[in-house]
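Chemist: predicted coordinates and the sequence they were generated for:
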Amino acid sequence: MALSFGQNDKGILPDRMIFALAADGAIAPKRPFAQDQVQPASLDLRLGSIAYRVRASFLPGRTTVAQRIADLKLHEFSLADGAVLETGCVYIVPLQESLALPADIAAAANPKSSTGRLDVFTRVIADETRGFDRIEAGYRGPLYAEISPRTFPVLVREGSRLSQIRFRHGHAQLSADELRDLHARERLVDDPKADVSEGVLFSVDLSGLGPGGLVGYRAKRHTGLIDVERRDGYGVLDFWEPIQARPEKSLILDPNEFYILASKEAVQVPPGYAAEMVPFDPLVGEFRVHYAGFFDPGFGYAGAGGKGSRAVLEVRSREVPFILEHGQIVGRLVYEKMLAKPDKLYGQGIGSNYQAQSLKLSKHFKS
């Protein structure tokens, strides 16, 4: 039975509605979904069998992605047996999932958390679009991943999942009053008096959150490659330089270096809501604070084993050195309504790697 929504039904589609979209043909996977591919409020996207190295990143504009690949392709290669994607290169990979969305359903994509924590720059592109990671309502056509490893070379293969996609009906972001009411009921952040009218504000923790006063990690250069399918397979010190807290509680970001830090705040996402991290203000500093930004229903939620979870910050300075101070605001979490509560929350037996997290590297590294 086709999904049908009223004018006032606004929100993010939960897991069972994603399955319904697929049953209706609005999502057309080349292979049946993997067991854990559908998350509480998103769908993991799988790489196809062929990758293209291209001269530069692009947006298709008024043409198709396939035509732009033909114009910019340097070479193509198979992912069937796995292939290494080198740092500093741009690759386009057709995804196994294509779309035939209803006229009232739009979509948005984001890198998966593990992808962002490896400093793999990943965006989703669709035909005849003027922006990355946003798919207009009613779109019919293929999806592609643009992939550019920045620090570590990565081994990927057909079926690897680097991105995820959400589907929404209407505008579902909570207003300032709705956010304040939700915080009063559910305590979205560990400070009950926090002003959440513009979203939950995230600041950086440089006080020594981890063992031995650890505040974060800086990625090493010229390391070995990382197999994105290999879990708990790599020694931390082979790829990362631990950063200890300093008396002044500050950190100088070196240009073009990659850091993993943590937020000072612990947050939760109640079952009937989803959230997304967005930049606080692009004018506050020359640094980027995240790649992955989706927070599923149940993230940090006590009823799903969370009791509040900190946000891991994927930080990269741009052109100049930049000083981060303890408690400096670097991002905010905006909340959206779900159309319905998902059947399973984040942290409830669905391979949730980052529930109740503090300062945490990606799942590829040994604990």
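Modeler: Arrived safely, thanks for sending. Residues are numbered from 1 along each chain as shown.
Chemist: so which residues of the stretch 201-350 of the chain form strands?
Modeler: Listed in chain order, the strands of the stretch 201-350 of the chain (DSSP state E, counting those that start in this stretch) span 214-219, 226-227, 240-244, 250-253, 258-267, 273-279, 287-288, 294-295, 309-317, 322-325, 329-337.
Chemist: save these as a markdown table, and put in distance to Ser78, mean pLDDT and mean neighbour count too.
Modeler: From N, CA and C alone the C-beta is placed, and that goes for glycine too. Supplementary listing: the strands of the stretch 201-350 of the chain in a markdown table, determined by distance: least, CB to CB, whole Å; pLDDT from 0 to 100; neighbours: other CB atoms under 10 Å:
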| stretch | distance to Ser78 | mean pLDDT | mean neighbour count |
| --- | --- | --- | --- |
| strand 214-219 | 29 | 94 | 21 |
| strand 226-227 | 17 | 97 | 20 |
| strand 240-244 | 31 | 96 | 15 |
| strand 250-253 | 38 | 94 | 17 |
| strand 258-267 | 29 | 91 | 23 |
| strand 273-279 | 34 | 87 | 23 |
| strand 287-288 | 32 | 65 | 18 |
| strand 294-295 | 30 | 88 | 25 |
| strand 309-317 | 30 | 86 | 24 |
| strand 322-325 | 41 | 91 | 16 |
| strand 329-337 | 38 | 90 | 20 |
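Chemist: which one, of those, ends up nearest to Glu178?
Modeler: Glu178 lies closest, by CB to CB, to one member of those: strand 329-337, at 8.2 Å.
Chemist: tell me where the stretch 51-200 of the chain has strands.
Modeler: For the stretch 51-200 of the chain, the strands identified by DSSP E, counting those that start in this stretch occupy 73-78, 83-85, 90-94, 97-100, 106-111, 120-126, 134-135, 140-141, 143-149, 154-156, 161-169, 200-203, in order along the chain.
Chemist: from Gly208, how far out is the residue lying farthest from the centre of the chain?
Modeler: The outermost residue of the chain, judged against the average C-alpha position, is Pro247 (32.6 Å), by CA atoms, centre = their mean. Noted for Pro247: a distance of 10 Å to Gly208, by CB to CB, to the nearest Å.
Chemist: quick one: Gly331 and Met277 touch, right?
Modeler: Yes - the pair formed by Gly331 and Met277 meets the contact definition of CB atoms under 8 Å, at 5.2 Å.
Chemist: quick one: low-confidence parts of the stretch 51-200 of the chain?
Modeler: Scanning the stretch 51-200 of the chain for pLDDT under 70 picks out nothing.
Chemist: shouldn't Gly61 be in contact with Ala126?
Modeler: No - with contact defined as CB under 8 Å, Gly61 and Ala126 do not form a contacting pair (11.8 Å).
Chemist: Arg55: how many residues sit nearby?
Modeler: Using other CB atoms under 10 Å, Arg55 has 11 neighbouring residues.
Chemist: ignore the last one, His75
Modeler: His75 is flanked by 8 other residues according to other CB under 10 Å.
Chemist: who is it paired with across the strands?
Modeler: Arg53 (DSSP bridges).
Chemist: picking that back up, Gly61 and Ala126: which is more packed in?
Modeler: Ala126 (25 against 10).
Chemist: which residue packs closest to the more buried one, ignoring adjacent ones?
Modeler: The shortest distance from Ala126 to any residue other than its chain neighbours is 5.1 Å, reached at Ile135 (CB to CB, 6 or more residues apart in numbering).
Chemist: got the contact list for the one you found?
Modeler: Leu99, Leu101, Ala106, Ala107, Ala108, Ala109, Val124, Ala126, Thr129, Leu143, Ile165 (CB atoms under 8 Å, 6 or more residues apart in numbering).
Chemist: how is this structure partitioned into domains?
Modeler: By the record's domain assignment, the chain is partitioned as 11-169, 176-337 (automatic domain parsing).
Chemist: show the end-to-end separation of the longest one, please.
Modeler: Which is domain 176-337. Distance between the two ends of domain 176-337: 13 Å, counting by CA to CA, to the nearest Å.
Chemist: can you check the first one too?
Modeler: Distances were taken as CA to CA; on that basis the terminal residues of domain 11-169 are 5 Å apart.
Chemist: roughly how far is it from the heart of the chain?
Modeler: When C-alpha coordinates are averaged (CA atoms, centre = their mean, to the nearest Å), domain 11-169 and its chain have centres 12 Å apart.
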